[in-house]
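Participant: below is the structure, and that's it, no one-letter string:
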């Protein structure tokens with residue numbers, strides 16, 4: 001069924017250098033040798049110093065030279081060589097008209113493409129509103145417009161997120177979102193009347209107004225006063241002042257747009273700007289697709305692979321990983337959540353297989369929706385997750401810089417208010433008292449070193465608070481993502497394809513997954529032992545990243 005559907009097809013993939021996109025590209029190239037070509041749309045990356053790394057170079061280093069392809073390279077050199085021959089990198093810009101494609105390249109794609117998999121997104125939960133709208137809402141619409149212009153009938157698979165359900169509780173069905181309602185209206189039974197097109201225009205108008213205000217004379221004067229006060233009367237050259245002004249203006253705009261994105265999302269019943277803009281992307285695709293075959297796949301929290309390309313393959317720290325690794329280092333003393341809350345984690349290869357298989361189910365008559373999740377069949381309670389993580393690190397400690405074994409605190413699962421009180425009094429308060437005292441002592445080399453250590457410790461503590469606030473809504477949800485469509489899709493496959501494109505979540509044993517697959521995979525692919533590893537890990541924990549907008 002799947003092999004037959006893809007035979008001779010030309011696939012266009014966005015997000016191909018991100019975690020999910022890497023998994024998709026590797027699986028397509030290894031398990032679907034009958035495809036004609038795979039075009040991977042990749043955004044050129046600007047490196048320090050202004051050097052631009054083009055799409056072809058990024059694809060070579062970030063896909064074909066990456067760990068996701070290691071098994072393919074090792075076990076099937078001829079097949080790997082053939083896969084490279086059938087793959088093309090294309091420079092693009094998700095936020096630009098016509099996707100920023102070169103006209104000649106665009107004409108080639110219009111002639112050849114008959115399957116689009118849109119996996120690009122910005123997955124930052126507190127992204128500035130303008131960027132989230134451009135990538136998560138308008139980007140998929142630009143892909144839809146491109147699909148309509150293609151010479152062949154295009155099947156469009158849109159990768160969304162299960163959390164477009166926002167604050168809804170209970171069973172969440174695999175059905176399209178209503179195009180005229182917010183989650184708050186669905187949850188509270190209020191009347192409809194929400195128009196995503198009007199909302200998008202309002203968001204863009206707000207962003208434009210903020211940028212205009214930031215460039216206005218009154219706000220620039222305030223920026224100047226703040227900079228002068230911060231530098232305590234020291235003379236600044238005009239060039240240096242302009243650099244500081246531009247930096248302060250940029251940070252001021254981003255802060256305003258981040259707050260507004262969160263405010264709007266939560267007012268409408270979504271948890272953050274990521275799920276808010278992904279939901280509007282779904283609504284707009286459903287509204288504008290016409291008769292184009294559209295399938296929506298909604299993963300939950302995507303983590304390391306169960307089997308493919310190898311057990312425990314992961315690229316970067318995913319949503320749950322900063323807390324897992326932070327706990328292993330003894331840096332997460334507790335977490336405000338209920339023991340019984342279900343965390344919906346799903347291995348990346350199950351998501352990849354669902355996306356690939358779902359394309360073969362696209363219809364012109366209706367939009368098909370498939371969850372790629374686990375809570376509806378294999379729920380994982382927070383108490384279980386914590387227990388598996390704790391028992392793993394007790395047996396296999398994540399040692400410190402000097403080989404010391406960190407103490408692992410026993411979580412009590414407090415309320416949010418109790419957690420904040422304890423955290424401030426036991427950790428932040430004493431640390432800041434030490435900082436206050438050191439600032440009043442004469443400058444000495446030993447004191448300078450101590451100040452730097454305290455500053456680094458403060459950053460780690462503040463990062464714990466950041467993750468607590470950012471991910472907190474996902475540790476309080478009382479819902480289950482239903483998997484009827486995904487399970488029926490898996491059951492419909494021939495036995496051989498069920499093995500190759502396995503979507504069966506019932507086979508997951510969570511203790512085995514964490515003890516033998518996921519955490520060892522993190523240590524193998526993201527962490528490494530030694531001094532350099534701790535520096536790299538600190539940087540990773542302090543950076544939420546922008547995985548999807550590739």
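Facilitator: Okay, I see it. Every value quoted in this text rests on a predicted model; they were computed, and no experiment measured them. Numbering: from 1, shown residues only.

Participant: ok, and what's touching the helix or strand that contains residue 109?
Facilitator: Taking DSSP states H and E as the definition, residue 109 sits inside helix 103-112. For helix 103-112, the external contacting residues (Cβ atoms under 8 Å, 6 or more residues apart in numbering) are 10, 12, 36-37, 39, 90-91, 98-99, 101, 146, 149-152. For the C-beta atoms, the positions are set from N, CA and C on the backbone; glycine is no exception.

Participant: scan this structure for its longest helix.
Facilitator: Identified as the longest helix of the chain according to DSSP state H is helix 238-267.

Participant: give me the buried entries from the contacts of helix 103-112.
Facilitator: Listed as buried from those are 10, 12, 39, 90-91, 99, 101, 146, 150; burial here means 16 or more other Cβ atoms under 10 Å.

Participant: using JSON lines, please lay out those together with secondary structure.
Facilitator: Listed next are these as JSON lines, based on DSSP: H, G, I helix; E, B strand; the rest coil:
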{"residue": "10", "secondary structure": "strand"}
{"residue": "12", "secondary structure": "strand"}
{"residue": "39", "secondary structure": "strand"}
{"residue": "90", "secondary structure": "strand"}
{"residue": "91", "secondary structure": "strand"}
{"residue": "99", "secondary structure": "helix"}
{"residue": "101", "secondary structure": "coil"}
{"residue": "146", "secondary structure": "helix"}
{"residue": "150", "secondary structure": "coil"}
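
Participant: would you mind giving those residues as JSON lines with distance to residue 198 added?
Facilitator: Listed next are the buried ones among the contacts of helix 103-112 as JSON lines, based on distance: Cβ to Cβ, whole Å:
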{"residue": "10", "distance to residue 198": "37"}
{"residue": "12", "distance to residue 198": "30"}
{"residue": "39", "distance to residue 198": "34"}
{"residue": "90", "distance to residue 198": "33"}
{"residue": "91", "distance to residue 198": "33"}
{"residue": "99", "distance to residue 198": "25"}
{"residue": "101", "distance to residue 198": "29"}
{"residue": "146", "distance to residue 198": "24"}
{"residue": "150", "distance to residue 198": "29"}
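
Participant: what's the residue lying closest to residue 59 once chain neighbours are set aside sitting at in phi/psi?
Facilitator: Spatial nearest neighbour of residue 59, excluding adjacent residues (Cβ to Cβ, 6 or more residues apart in numbering): residue 89 at 3.9 Å. Here is the backbone geometry of residue 89 (degrees, to the nearest 10): phi -90, psi 140.

Participant: what residues does residue 89 make contact with?
Facilitator: Residue 89 sits next to 40, 42, 54-56, 58-60 when contact means Cβ under 8 Å, 6+ apart.

Participant: of these, which is the nearest to residue 375?
Facilitator: For the contacts of residue 89, the residue nearest residue 375 by Cβ to Cβ is residue 40; the value is 31.5 Å.

Participant: for that closest one, what is the enclosing helix or strand?
Facilitator: If you go by DSSP H and E, residue 40 is part of strand 37-42.

Participant: show me what that strand pairs with in its sheet, parallel or antiparallel.
Facilitator: strand 10-14 (parallel), strand 87-91 (parallel) (DSSP bridges).

Participant: and the angle for the first one with helix 103-112?
Facilitator: Here strand 10-14 points in a direction 130 degrees away from that of helix 103-112 (axes from the mean of the first three to the mean of the last three Cα atoms, to 10 degrees).

Participant: can you list contacts of strand 10-14?
Facilitator: Defining contact as Cβ under 8 Å, 6+ apart, one finds that strand 10-14 is touched by 21, 24-25, 28, 35-41, 92, 94, 109, 112-120, 139, 143, 550.

Participant: and those, which are buried?
Facilitator: 21, 24-25, 28, 35, 38-41, 92, 94, 109, 112-120, 139, 143, 550.

Participant: list the ones among those that fall in helices.
Facilitator: The helices, defined by DSSP H, take in 21, 24-25, 28, 109, 112, 139, 143 from the buried ones among the contacts of strand 10-14.

Participant: list just the nearest of these to residue 229.
Facilitator: Nearest to residue 229 among these is residue 139, at 40.6 Å by Cβ to Cβ.

Participant: which non-adjacent residue is nearest the closest one?
Facilitator: residue 94 (4.1 Å).

Participant: how close does residue 270 sit to residue 515?
Facilitator: Residue 270 sits 34 Å away from residue 515, going by Cβ to Cβ, to the nearest Å.

Participant: swap in residue 279?
Facilitator: With Cβ to Cβ as the criterion, residue 279 and residue 515 are 36 Å apart.

Participant: looking at the two, which one has more neighbours?
Facilitator: residue 279 (26 against 17; other Cβ atoms under 10 Å).

Participant: chain neighbours aside, what residue packs nearest to that one?
Facilitator: That would be residue 164: by Cβ to Cβ, 6+ apart, it lies 4.0 Å from residue 279.

Participant: ok, residue 493 touching residue 358?
Facilitator: No. Residue 493 is beyond contact range of residue 358, at 11.6 Å (criterion: Cβ atoms under 8 Å).

Participant: more crowded one of these two?
Facilitator: It is residue 358, of residue 493 and residue 358, that has more neighbours when counted by other Cβ under 10 Å, with 25 against 19.

Participant: would you check that the more buried one makes contact with residue 298?
Facilitator: No. Using Cβ under 8 Å, residue 358 is not in contact with residue 298, being 10.4 Å away.

Participant: what do these two both touch?
Facilitator: By Cβ under 8 Å, 6+ apart, the residues touching both residue 358 and residue 298 are residue 370.

Participant: tally up the residues packed near residue 162, please.
Facilitator: Here the count is done by other Cβ under 10 Å, and residue 162 has 21 residues near it.

Participant: mean confidence score for stretch 66-73?
Facilitator: Here stretch 66-73 scores 95 as its mean pLDDT.

Participant: what stretches of the stretch 401-550 of the chain score poorly on pLDDT?
Facilitator: When residues are selected by pLDDT under 70, those of the stretch 401-550 of the chain lie in 529-550.

Participant: what about the helices in it?
Facilitator: Along the stretch 401-550 of the chain, counting by DSSP state H, counting those that start in this stretch, helices occupy 416-423, 429-439, 445-471, 484-492, 495-500, 510-512, 519-525, 531-541.

Participant: then the stretch 151-300 of the chain?
Facilitator: For the stretch 151-300 of the chain, applying DSSP H, counting those that start in this stretch gives helices covering 183-188, 196-215, 217-230, 238-267, 273-288.

Participant: still on that earlier bit, and the helices of the stretch 401-550 of the chain: which comes nearest residue 384?
Facilitator: Closest among these, once you apply Cβ to Cβ, is helix 510-512, at 6.2 Å.
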